[in-house]
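S.K.: Next one to model:
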Amino acid sequence: MSTAALWAAWACTAVNLAAAGWGAWRWWTVEASRLFWVLARAGQAAAVAQALVAGVLYVAGYEPTDGLYWLYALLPVAIGAIAEQLRLLSAEQVLERRELADVEALRARPEAQQRSVVREIVRREIGVMAVAAVVVAFLALRAALIV
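M.R.: Sure thing, here's the model as predicted:
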């Protein structure tokens, strides 16, 4: 049974490290990336899969070497949910900082300014999700090390 937990934890670690690395690069270069969002969503799916494996193992009576395994296996799902909320807030903060009430107010601005605002929002969203992927990868790695 510990093999399933180990594979789930390593898979979650790998996918989230890939998302974090690519996201950090795209944040640094200030470029949008469809691949990053695919990796970020795959990382979230891997975290859910790891939590499901942990749930099945718990029901089956599995006892890891350390009780913290359950925390490390389940917490990544919560981190993903929190990151999504922070991602949404980051867009609102950009609009507020630029003194824009909403998207309609942005549409009234010149096209160059619209692009600038959108680029800043996307960069912040990538940054938030990349940091979350680092945290999830760390937690999954800890789970793998104590299975």
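S.K.: So which residues make contact with the lowest-mean-pLDDT helix or strand in the chain?
M.R.: Among the helical and strand segments of the chain, the one scoring lowest on mean pLDDT, DSSP states H and E is helix 103-107, with a mean of 83. Counting by Cβ atoms under 8 Å, 6 or more residues apart in numbering, the neighbours of helix 103-107 from elsewhere in the structure are 95, 100, 114, 117. To be clear about C-beta, it is placed using only N, CA and C from the backbone, and glycine gets the same treatment.
S.K.: could you measure Q85 against A18, distance?
M.R.: Using Cβ to Cβ, to the nearest Å, Q85 is found at 23 Å from A18.
S.K.: Would you mind pulling up the elements that the helix or strand following the least confident helix or strand of the chain packs against?
M.R.: Of the helices and strands lying after helix 103-107 in sequence (DSSP states H and E), the nearest is helix 111-146. Here helix 111-146 touches helix 2-29, helix 34-59, helix 68-97, helix 103-107, going by 3 or more Cβ pairs under 8 Å, 6 or more residues apart in numbering; DSSP states H and E.
S.K.: redo that, cut-off 6 Å
M.R.: Contacts defined by 3 or more Cβ pairs under 6 Å, 6 or more residues apart in numbering; DSSP states H and E place helix 111-146 against helix 2-29, helix 34-59, helix 68-97.
S.K.: And Q85 and A18? Which one has more around it.
M.R.: Each of Q85 and A18 has its neighbours counted (other Cβ atoms under 10 Å); A18 has more, 18 against 10.
S.K.: my guess is the more buried one meets F36, correct?
M.R.: No. Between A18 and F36 there is no contact under Cβ atoms under 6 Å: 9.7 Å.
S.K.: one step back: just the buried ones from the contacts of helix 103-107, in PyMOL syntax?
M.R.: Command for PyMOL that selects the buried part of the contacts of helix 103-107, burial taken from 16 or more other Cβ atoms under 10 Å:
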select buried, resi 95+100+117
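S.K.: so where is the chain shaky, pLDDT-wise?
M.R.: Applying pLDDT under 70 to the chain picks out residues 1.
S.K.: Contact partners for I79?
M.R.: With contact set as Cβ atoms under 6 Å, 6 or more residues apart in numbering, I79 has these partners: 132, 135-136.
S.K.: ok, back up a step: which positions within the least confident helix or strand of the chain qualify as buried?
M.R.: Across helix 103-107, burial judged by 16+ other Cβ under 10 Å covers L106.
S.K.: I appreciate the help and will end here.
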